[in-house]
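Model the structure of this input:
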Amino acid sequence: MKRFDLVSLIRFENIFLNRKEYENVAKELSEIKNIQIKNSGESFVISLPENLALEDLWNIPVEKIDLMAKMTIQERQSLLIILILLKDDFLSLQEIADSLQVSKNTVLNDINKINNNFIDQGVSIQYDKMAGYFLNGNPFFSLRILNQLIIYFIENYYRTLILIKFNFIDHDDAFLITERINNAENNRQIQLTDNLRRVLPISLGIILKIFENENIKLDQNILLSASDHELMGVFWSYRYLNQFELSYLTSLLLVSSNMLNDKDIDLLVTHQFKDNLEEKIFKLIDQIENRFALKFTSRTKIFDQLAQHMIPAILRNKLGLSIKEDIVEDFIKEYKPLFITLDEELNNIGFSGEDKLPREEVAYITMIILSQMIESSVTQTKKLFNGIVVCQSGTSVSRLLTKRLKNTFDYIEFKEPTSARKFQAENEQYDFVFSTMGLPNTIPIQLTMSMDEEKQLVERVEQSISNDPNKQAVKIMSYISSYISSSEHSEVFKQLEEQIALDNVKKIESEKDSIYHSKEQVTIIEENSEWELLIDQSFEPMKQRNTVNSAYIEAVKAHFYENFEYQIIGQSVLLPHARPEDGVIDADVQVNILRNPIKAPNDQYYKAVVALAPDEENSHLDFLLQLNQQLKDERFLSIFDEADSVDRIDEILRILG
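As a prediction, the model looks like this:
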C-alpha cells in the first residue's frame, strides 16, 4: 500500500478545498475504490492499492459520478449563466442544450426563469443572430451575479467538480494567481479572508477569460480607481485588460481583506460615502448602548473597528463577494438574541433592501459589538502573565475570543490576536497561547463554549499555573510584594519558586463581584399583573433596598412604555432600565417571574421581567451577557415556567454571576 497525506494530493486543491471538505472527499473516494482513510490528528492519511497511481486519484470522482444526473435546477441555471459569459464564439440554443444534456425547451424555460429572477437588476439573457445567446445589462450587475455564482459553486465539492468538468477552471492559471496573491499579501501587509483566499484564484481566472473574450466590457470604475501597484502586479501579464478592468480586479482583492486601513479605504470610497457611514455607525452605537443600558469604554475604538470591517463588508456585498465560515453559524446559534438585535438595528439605520448585509457580515459586526461589550464590563486587574489567541486568520473571530478570555482571565495581558501563519513565522514566547486550530503546545479553545466548557478551560489554565513553579511564584508575589522591600523581591521570588517546586503550594484565587448576589433579588409574582403597574411592581424591591430612587423608576417608565419592544433580553423576557445618571444609587437587578404571563400592547406575552439598575462601570454587563446567552436554551427557559421556589431560581442565577 502507498501512503500519502491528503493535503498534498494535488497541487491546486488548497485553492478551493478546506479541511472539512478534504474529509468529505476522502470518504467519497473510499466508496469508489478500495482506499483506506485514517484520521491521524492534523492530517487525513489515505492508503492506495498498489495498482492505483496517485495522478489517477483526482479523476476518480469525475469519472465515477454522473454529475449531470445529480445536478439540481439551481445548479443547471447557474451553470447556464457562466456558460454564456465564457463563450468565445456564437452560442446557439442547441449547443447550450447539448452542453447541459437537456432539451432545448428546458433551456428556454431556464432562461425565462433566470430573466425573471434578475429583472430588478436589469440583467437578462438575450439572443442575437450574429452573437447567439449573451448576457445583456449593466456590466457591474453581471459581474456581481457572476461572483455570487462562483462562490455558490466553490463552497461545495461536487459543484466544484462541475466547473472542472466544463473546463471553467484553468489549473495553471489558478496556481499562478494564487502565488501572486500570496506575494501581494506579504508585500502589502493585508490578509484575505479564508474562504475568499480559496475562491478568488478561480473567480479571477474566470473573469479574466470573460474580459479576454470581451463578453463584458468595463468603461468606468464601479468604485474609486483602486490604483494600487502591488495588487495590480497580480495581473501584470494580462495585457488585454483596460484601466477600468484592472481597477475592478484590484478592488476585488482589496475588499477581500479582513480589515482595511485608512489608505486602502481612500482607494475605494469617496469622502461622502465615509461621512454617511460614520453617521450610521454612531447611530448604531447609540442604539446598542440604549438597548443594553451600557456605556462603551471607548466609542472611538468601537467606531474604528466597526468602520474597518463595515466598509469592506458593504463593498463585498456590492461586488457579489461574501464570507463563508463554519464558525459563523456556531456563533449565531450561541448569540442569537444579540445577532437578531444587531440585524434589526442595521436595518433601522439604512442597511435594508439591496443594501442589506449578508448574514455572515452581520455576524462579524455582532462579534465586534460583543467584544466591546465584554471589554466595557471588565475591571482593571494587575496583569501577571502574557497571552495570545491564534486563529486561522486574525479576524473579528479572534478579537472576540480575546475579549472573552480577557474577561475570564483578568490576570493575563493579552496581545493583539494573530493568524497561525504569522504566529509560526514570528516565534514569539508567551506564557499562554490559546488556539482554535489545535496547534502543538497551545490551549485549545472554541468560539462557542458552554458554562461547563468555560469552567474546564479555567481549570486547565489554573492547573497549568499550579504545575509551573515560576507561574505559581509570580501569582503569589502579586499578593505579597507590597509587604516586602523592593530590594528583597528577587530573593523572595527565588525562594518561593523553590518552595513551590517542592511543596506544590495551594493556588490563590480571587473572587469576582457580581450584580446578582442574593435571593432577595428574585420575586415570583403569582397574581395577574397590570401592564401600567408593571414597572412599579418590578422595581419596588430595589426601591426598598435603596439602590434606586423614585426619579429612576419614573425615568424607566418614560423609556419603557414608549420603547418596550427594544428593552428585551431573550425570548419572552423584558429588560426595563434607564441610565445610571437617572437615579441609580447602587447597581442592582431584580428578576421577576410572572406566573401568569403578561400581554403587552403588541399582543406578545412576556413571562419574566429583569428590572435593571446599571452603574457607570457597567458591572451588570457580565451577568446580562451570560443571561442573554442562556435564555436561548429551552431548558433554561423552562425554569421560569417550572420553578417552584425562589431558592431554585437563585441557585441557577448564581451560576451566571
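
Spell out, range by range, the strands that occur in the stretch 1-150 of the chain.
For the stretch 1-150 of the chain, the strands defined by DSSP state E, counting those that start in this stretch occupy 2-5, 36-40, 43-48, 123-128, 132-137.

Revised request: answer the last question for the stretch 251-400 of the chain.
Counting by DSSP E, counting those that start in this stretch, the strands of the stretch 251-400 of the chain are 385-391.

any low-confidence regions in it?
For the stretch 251-400 of the chain, the stretches flagged by pLDDT under 70 are 326, 376-382, 393-396.

Gln521 against Pro541, yeah?
Yes - with contact defined as Cβ atoms under 8 Å, Gln521 counts as touching Pro541 (7.4 Å). The C-beta positions use only the backbone N, C-alpha and C, and glycine is treated the same way.

between the strands of the stretch 1-150 of the chain, which gets the lowest average pLDDT?
Least confidently modelled of the strands of the stretch 1-150 of the chain is strand 2-5, at a mean of 38 by mean pLDDT.

Next, the buried residues of the longest strand anywhere in the chain.
Longest strand in the chain by number of residues (criterion: DSSP state E): strand 588-599. Going by neighbour count (16 or more other Cβ atoms under 10 Å), the buried part of strand 588-599 is 588-594, 597-598.

Give me the contacts around stretch 560-575.
290-291, 293, 337, 534-535, 559, 576-577, 597, 600-602, 604-610, 612, 624, 627-628, 630-632, 637, 640 (Cβ atoms under 8 Å, 6 or more residues apart in numbering).

higher neighbour count, Gln521 and Pro541?
Just comparing Gln521 and Pro541: by other Cβ atoms under 10 Å the higher neighbour count belongs to Gln521, 23 against 17.

so who does the more buried one touch?
541, 588-591, 653.

Which single one of the residues you listed is nearest to Leu246?
Closest to Leu246 out of these is Val589 (58.2 Å), distances taken as Cβ to Cβ.

Name whatever forms a beta bridge with that closest one.
In this entry, Val589 is beta-bridged to Leu612, by DSSP bridges.

Correct me if wrong: it contacts Pro614.
No - look at Val589 against Pro614 with Cβ under 8 Å: they stay out of range, at 9.0 Å.

Show me where the stretch 401-550 of the chain dips below the pLDDT cut-off.
Residues of the stretch 401-550 of the chain that meet the cut-off, pLDDT under 70, sit at 438, 477-486, 489, 492-514.

if you go through it in chain order, where are the helices?
For the stretch 401-550 of the chain, applying DSSP state H, counting those that start in this stretch gives helices covering 420-426, 451-467, 469-480, 489-503, 534-544, 550-563.

and those, which is most packed in?
helix 534-544 (a mean of 20; mean count of other Cβ atoms under 10 Å).

Now do that one: everything it contacts.
520-521, 523, 525, 529, 548-550, 552-553, 556-557, 560-561, 574, 576, 588, 590, 592, 598, 609, 611, 613.

let's see 6 Å
548, 553, 556-557, 560, 576, 588, 590, 592, 609, 611, 613 (Cβ atoms under 6 Å, 6 or more residues apart in numbering).

Put together a markdown table for these, with distance to Gln220 on each row.
Formatted as a markdown table, these follow (distance: Cβ to Cβ, whole Å):
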| residue | distance to Gln220 |
| --- | --- |
| Val548 | 60 |
| Ile553 | 60 |
| Val556 | 54 |
| Lys557 | 56 |
| Phe560 | 51 |
| Pro576 | 53 |
| Asp588 | 60 |
| Gln590 | 61 |
| Asn592 | 60 |
| Val609 | 57 |
| Ala611 | 57 |
| Ala613 | 57 |
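
between the residues you listed, which is nearest Gln126?
Once Cβ to Cβ is applied, the member of the contacts of helix 534-544 that ends up nearest Gln126 is Phe560, at 57.1 Å.

Leaving aside the residues adjacent along the chain, what's closest to the closest one?
Pro576 (4.3 Å; Cβ to Cβ, 6 or more residues apart in numbering).

Surely the one you found is in a strand?
No - counting by DSSP: H, G, I helix; E, B strand; the rest coil, Pro576 is not found in a strand; it is coil.

Look at it and report its pLDDT.
92.

Count the neighbours of it for me.
24.

That one touches Val556, doesn't it?
Yes - when contacts are counted by Cβ atoms under 6 Å, Pro576 is listed as touching Val556 (5.2 Å).

quick one on the thing from earlier: how about the contacts made by the residue nearest to Phe560?
535, 556, 560, 567, 611.

Report the central residue of the chain.
Tyr364 (3.9 Å; Cα atoms, centre = their mean).

what about Asp264, how many residues close to it?
21.

got any ranges where the stretch 551-657 of the chain has weak pLDDT?
619-620, 622, 629-641, 643, 655-657.

Export the contacts of Gln521 as a markdown table, with columns for distance to Ser645.
Putting the contacts of Gln521 into a markdown table (distance: Cβ to Cβ, whole Å) gives the following:
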| residue | distance to Ser645 |
| --- | --- |
| Pro541 | 17 |
| Asp588 | 22 |
| Val589 | 19 |
| Gln590 | 17 |
| Val591 | 13 |
| Leu653 | 13 |
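
you'd agree Asn187 is up against Glu230?
Yes - using Cβ under 6 Å, Asn187 makes contact with Glu230 at a distance of 5.1 Å.

Which one's more surrounded, those two?
Glu230 (16 against 12).

now the more buried one: how far from Trp236?
Distance, Glu230 to Trp236, using Cβ to Cβ, to the nearest Å: 11 Å.

Over to Arg404?
With Cβ to Cβ as the criterion, Arg404 and Trp236 are 44 Å apart.

Which one's more surrounded, these two?
Neighbour totals were compared for Arg404 and Trp236, and Arg404 leads with 20 against 11 (other Cβ under 10 Å).

show me what contacts the more buried one?
Taking Cβ under 6 Å, 6+ apart as the test, Arg404 contacts no residue whatsoever.

quick revisit: so what does the longest strand of the chain touch, helix or strand wise?
In terms of contacts (3 or more Cβ pairs under 6 Å, 6 or more residues apart in numbering; DSSP states H and E), strand 588-599 is packed against strand 522-525, helix 534-544, strand 605-613.

one more time with 8 Å
Strand 588-599 makes packing contacts with strand 522-525, helix 534-544, strand 605-613, helix 646-656 when contacts are defined by 3 or more Cβ pairs under 8 Å, 6 or more residues apart in numbering; DSSP states H and E.

Need the residues that contact it.
515-516, 521-529, 531, 534, 537-539, 541-542, 545, 547-548, 572, 605-613, 620, 623, 640, 643, 649, 653.
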